[in-house]
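**Q** here you go, sequence then predicted model.
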Amino acid sequence: MTLPAQAFDARAAATALAELRAIAPLVHCLTNQVVSNFTANVLLAAGAAPAMVVAEEEAGDFAALASALLVNVGTLDRPQAAAMRAAVGAASTAGTPWVLDPVAVGALAWRTAFCRELLAFSPAVIRGNASEIIALAGGAGTGRGVDSTAQSDAALEAARALARQCGALVVVTGATDYLVDAQSARGIAGGTPRLQQVTGTGCALSALVAAACGCGAVRLDAVAAVCALMKLAGERAALASRGPGSFAVALLDELGTLASADLAERWCA
Amino acid sequence: MTLPAQAFDARAAATALAELRAIAPLVHCLTNQVVSNFTANVLLAAGAAPAMVVAEEEAGDFAALASALLVNVGTLDRPQAAAMRAAVGAASTAGTPWVLDPVAVGALAWRTAFCRELLAFSPAVIRGNASEIIALAGGAGTGRGVDSTAQSDAALEAARALARQCGALVVVTGATDYLVDAQSARGIAGGTPRLQQVTGTGCALSALVAAACGCGAVRLDAVAAVCALMKLAGERAALASRGPGSFAVALLDELGTLASADLAERWCA
Amino acid sequence: MTLPAQAFDARAAATALAELRAIAPLVHCLTNQVVSNFTANVLLAAGAAPAMVVAEEEAGDFAALASALLVNVGTLDRPQAAAMRAAVGAASTAGTPWVLDPVAVGALAWRTAFCRELLAFSPAVIRGNASEIIALAGGAGTGRGVDSTAQSDAALEAARALARQCGALVVVTGATDYLVDAQSARGIAGGTPRLQQVTGTGCALSALVAAACGCGAVRLDAVAAVCALMKLAGERAALASRGPGSFAVALLDELGTLASADLAERWCA
């Protein structure tokens, strides 16, 4: 059974993006080493303020004062797991919203157990591809590393189960991004296959989702705003580039120069 | 005595590149933190699938299921050494081919001993500059960190000794890249000095060599293919850029858009 | 009381930049994981030779043979702190000049204590934003992660106190960069706000400052040269780009192609 997904509210998303840029939320990123530079540049381009504070000794203090926290397990190791536990615990206590990106969960047992452990600390949002969301919800893992082997709509039931289980908004990204909570699902179609040819676009989107959670706007609209922002920036960058190198450059340019009203224009018929 | 080097078979290389792109081998990279992002983007551009799984807890499992494994010691530390031992051990057992990039071996004793220890696990290919290959083979180290102080042809005898010692194909890169096994040596001339002005082009080539080992084609032709691909992409990118920043962008574009037949056209008279 | 700052000597800086490029100093970078790739590419573009040797087992040996050492605590953790202690100790013994970049000191207690501990090993230069320099000198921390909440001239007194305390040249960067020692202060005005929209431009400047310390020229002129180089490259890149992605690319191009005489032309009226 496939859930019916409504369209997202593009005008509310445009308003939320303008608010995010005005607030410039400070996003504490505990993310993987492959994408840390790109993630910081994506956050800066979109108008947020990145900070990577990685030590167990400091991660809790910083999570408590940040606007939002990102936990991405792409290159999880033991010291980082300890820092993540400290950060997520402090975020829960301080009321800092946090986002889980369960990279390659399902394909690897150790990180799968770790991510399930973290679910007890009530992430505000979980953002993954279909394979990761299905695996995190308890289904059979089908991923091959970071790539999903399933379409995003195949994960809608798993996303709803996960949303009910931990009270989070679950974002399943793909050709259509779905924002799924216990009651409803909203879809954002668009983007470009080029986004798969640059490493870290999904990871960077999770960081933008954290920024969205840390800017005080209506969460659903703000999360939809950053998903739409990445898709529209990708569409425009694909037109302005001739390969994966110039696409990544143009993507950052578009993230930095798109007007928030462009979201409404792109998705309101 | 300098070994006579034959020309490589550019038509066979073109065929091998087409096969690599069709197969999209999954390359498990245990590489240095400076180049992990660039390496992932080079692999994606060339048509392979990168995955960086770094923890000792997961590296063995992932090496067993990957198409190929890369071990690059550029920023070696104790936790990474443990993960590399686990990955190389699992790769040997599972039959996953693996590639050693002995960054700065010779200049630093700790990593030199570590790389020599790993040779017992039969790498499929060793890829380094002349200083590194000479030092790994037991000669006096002459490197200054990551830069070679010798031309690639000065390392041909050392490369052959290393190839005989551990049964690997040894690739010595420079203005001419040499592919050396126990019986023969093949040369690929070309490229551009610009490749030295961007960090990680050699490291990324080692990742492409791993991809070449993981795609089931004839190994010598596939390794020659990725060496030629990097040289030709560099040559074209140098013409399309005005400094090291735009060169790196153009290099990724060329890696993503070059036709495999272009290799044959460039090197077949 | 604000210190009066003199103009820097732009002709001497131009000469020092030419010397740096002729010498190509080998810079050992112990820096944060977010900016390691960008830092290496900035050093290469400017004509220096980067090397990131991170393990406690090797950091001391390498610091002793490098031209200069950079210590940047942006993503400090315990293993890196141990490597930094080894490197700074060996640098002091060997006479290798070293540079401290106290990222986010003041905002976080653990790294603040660590940086104060390192001051005993006589850094040649300390490079930070106003918040960091004020906090390192013992004032109340006002930073929000990596961003300064104060203008660079607000830190001139703190910089002088720090210079007197540890015998270092203190560089406070901002819209005007100040080079402060126990006796004098020199200012370099210019640059572009775009430099704040790309992660790591300050960190990379600290690496260039290390290169400046490692090239044997008059230190004050050489440090002024790299500060001016980053400002002028930023100004030109801002004109040649349309967003933060293309700005970063153009910045590397300008660092690689600017003539040293351009510094004199830009700042000598």
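**A** Alright, I've got the coordinates. Every value quoted in this text rests on a predicted model; they were computed, and no experiment measured them. Residues are numbered from 1 along each chain as shown, chains lettered A, B, ... in the order given.
**Q** tell me what the helix or strand bottoming out on mean pLDDT in chain A is packed against?
**A** None of the helices or strands of chain A scores lower by mean pLDDT, DSSP states H and E than strand A:6-7, at a mean of 89. Where contact means 3 or more Cβ pairs under 8 Å, 6 or more residues apart in numbering or on different chains; DSSP states H and E, strand A:6-7 is packed against strand A:185-189. From N, CA and C alone the C-beta is placed, and that goes for glycine too.
**Q** list the neighbouring strands of the strand it packs on plus their orientation.
**A** strand A:6-7 (parallel), strand A:176-180 (antiparallel) (DSSP bridges).
**Q** rewinding a little: tell me what angle the helix or strand following the least confident helix or strand of chain A forms with strand A:185-189.
**A** The helix or strand immediately downstream of strand A:6-7 is helix A:10-23, counting by DSSP states H and E. With axes from the mean of the first three to the mean of the last three Cα atoms, to 10 degrees defining the directions, helix A:10-23 sits at 80 degrees from strand A:185-189.
**Q** and helix A:10-23, what's buried?
**A** Across helix A:10-23, burial judged by 16 or more other Cβ atoms under 10 Å in any protein chain shown covers A:10, A:12-20, A:23.
**Q** could you do stretch A:213-225 as well?
**A** By 16+ other Cβ under 10 Å, the buried positions in stretch A:213-225 come out as A:213-215, A:217-225.
**Q** that older thread, which of the buried residues of helix A:10-23 come close to chain B?
**A** Filtering the buried residues of helix A:10-23 for proximity to chain B by Cβ under 8 Å from any Cβ of the partner chain leaves nothing.
**Q** what is the nearest of those residues to residue A:178?
**A** Of all the buried residues of helix A:10-23, residue A:178 sits closest to residue A:13, with 14.7 Å by Cβ to Cβ.
**Q** quick check: pLDDT value at residue A:5.
**A** On pLDDT, residue A:5 comes in at 77.
**Q** can you count the residues close to it?
**A** Using other Cβ atoms under 10 Å in any protein chain shown, residue A:5 has 19 neighbouring residues.
**Q** and if you look at residue A:78?
**A** 12.
**Q** return the residues of chain A in contact with chain C.
**A** So chain A meets chain C at A:26, A:33, A:36-37, A:40-41, A:44-45, A:49-58, A:61-62, A:79, A:248-257 (Cβ under 8 Å from any Cβ).
**Q** picking that back up, tell me the most buried of the strands paired with strand A:185-189?
**A** strand A:176-180 (a mean of 25; mean count of other Cβ atoms under 10 Å in any protein chain shown).
**Q** what comes into contact with that strand?
**A** With Cβ atoms under 8 Å, 6 or more residues apart in numbering or on different chains as the test, strand A:176-180 has contacts from A:3, A:5, A:8, A:152-153, A:155-156, A:159-160, A:163, A:169-172, A:185-189, A:220, A:223-224, A:227, A:231.
**Q** okay, buried residues for stretch A:72-82 please.
**A** Counting neighbours by 16+ other Cβ under 10 Å, stretch A:72-82 gives A:72-77, A:79-81 as buried.
**Q** which of those residues fall in helices?
**A** Among the buried residues of stretch A:72-82, the members found in helices (DSSP state H) are A:79-81.
**Q** for chain B, see how far away the nearest residue to residue A:187 once chain neighbours are set aside is.
**A** Excluding the flanking residues, the one nearest residue A:187 by Cβ to Cβ, 6 or more residues apart in numbering or on different chains is residue A:5, at 3.9 Å. As judged by Cβ to the nearest Cβ, to the nearest Å, residue A:5 and chain B stand 29 Å apart.
**Q** doesn't residue A:160 make contact with residue A:5?
**A** No. Using Cβ atoms under 8 Å, residue A:5 makes no contact with residue A:160, being 11.0 Å away.
**Q** where exactly do the helices run in chain A?
**A** Using DSSP H, helices in chain A cover A:10-23, A:36-46, A:56-65, A:78-94, A:109-118, A:130-136, A:156-166, A:201-213, A:219-239, A:244-257, A:261-267.
**Q** can you tell me which of the buried residues of helix A:10-23 is nearest residue C:100?
**A** Closest approach between those and residue C:100, by Cβ to Cβ: residue A:23, at 32.6 Å.
**Q** may I have the predicted confidence score for the closest one?
**A** 97.
**Q** isn't it right up against residue A:215?
**A** Yes. Residue A:23 is within contact range of residue A:215, at 4.4 Å (criterion: Cβ under 8 Å).
**Q** tell me, what's touching these two both at once?
**A** Here residue A:23 and residue A:215 have residue A:67 as joint contacts, going by Cβ under 8 Å, 6+ apart.
**Q** what does the stretch 1-150 of chain A put close to chain B?
**A** Contact residues (Cβ under 8 Å from any Cβ) of the stretch 1-150 of chain A with chain B: A:32-35, A:37-38, A:74-79, A:104, A:107-111, A:144-147.
**Q** rewinding a little: contacts only, for the residue nearest to residue A:187.
**A** If you count contacts by Cβ under 8 Å, 6+ apart, residue A:5 has them with A:153, A:156, A:176, A:178, A:185-187.
**Q** please repeat the previous calculation with a cut-off of 10 Å.
**A** A:153, A:156, A:176-180, A:184-189 (Cβ atoms under 10 Å, 6 or more residues apart in numbering or on different chains).
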